[in-house]
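*Asks:* Pasted the sequence and its predicted model underneath.
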Amino acid sequence: MHIVLVDIHVKPGAVESFRTLTLENARSSIQEPGILRFDVLQQAEDPAHFILYEAYRQVEDQAKHRETHHYQTWKEAVADMMSEPRVGTRYTNLFPPDEDW
């Protein structure tokens, strides 16, 4: 399993638009065969801070995700809403074992 946490800080006036567009992207993303989870988290204390938790079956599935129309549309639509560049950090799953998925 290949996991990516994407840390995103949004401009205060763009939070609701960003949230709407990101949820739309997530609904499409979770339909991809290589994606196991696609969670959108919004920080309680700072509503302009989001984390995307993306769990892929394989590393290659992240690359396939980035080629989809819905991802490209989202990426372009939210680019100016971010107060700083988003940061993706990759992880390897240790538990539960992959066979549990």
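*Replies:* Arrived safely.

*Asks:* Kindly provide the whole-number mean pLDDT of stretch 84-92.
*Replies:* Per-residue pLDDT over stretch 84-92 has a mean of 95.

*Asks:* count of residues packed around the closest residue to residue 87 other than its chain neighbours?
*Replies:* Leaving aside its sequence neighbours, residue 87 sits nearest to residue 7 (Cβ to Cβ, 6 or more residues apart in numbering; 4.6 Å). (Glycine included, C-beta is placed from N, CA and C.) By other Cβ atoms under 10 Å, the residues close to residue 7 number 14.

*Asks:* For residue 7, name its beta-bridge partners.
*Replies:* residue 51, residue 87 (DSSP bridges).

*Asks:* Next up, the contacts around it.
*Replies:* 49-51, 86-89 (Cβ atoms under 8 Å, 6 or more residues apart in numbering).

*Asks:* for those, which one is nearest residue 60?
*Replies:* Using Cβ to Cβ, residue 88 comes nearest to residue 60 of these, at 15.9 Å.

*Asks:* Leaving out the residues flanking it, which one is nearest to the closest one?
*Replies:* In this structure, residue 88 finds its nearest non-sequential neighbour in residue 6, 4.7 Å apart by Cβ to Cβ, 6+ apart.

*Asks:* these two touch, right, the one you found and residue 51?
*Replies:* Yes: counting by Cβ atoms under 8 Å, residue 51 is a contact partner of residue 6 at 6.8 Å.

*Asks:* report the longest helix in this protein, please.
*Replies:* The longest helix of the chain (DSSP state H) is helix 15-29.

*Asks:* Check the gap between residue 40 and residue 46 for me.
*Replies:* Distance, residue 40 to residue 46, by Cβ to Cβ, to the nearest Å: 15 Å.

*Asks:* Hey, what's the angle from the helix or strand just after the longest helix of the chain to helix 15-29? Just curious.
*Replies:* Using DSSP states H and E, the next helix or strand after helix 15-29 towards the C-terminus is strand 35-42. Here strand 35-42 points in a direction 170 degrees away from that of helix 15-29 (axes from the mean of the first three to the mean of the last three Cα atoms, to 10 degrees).
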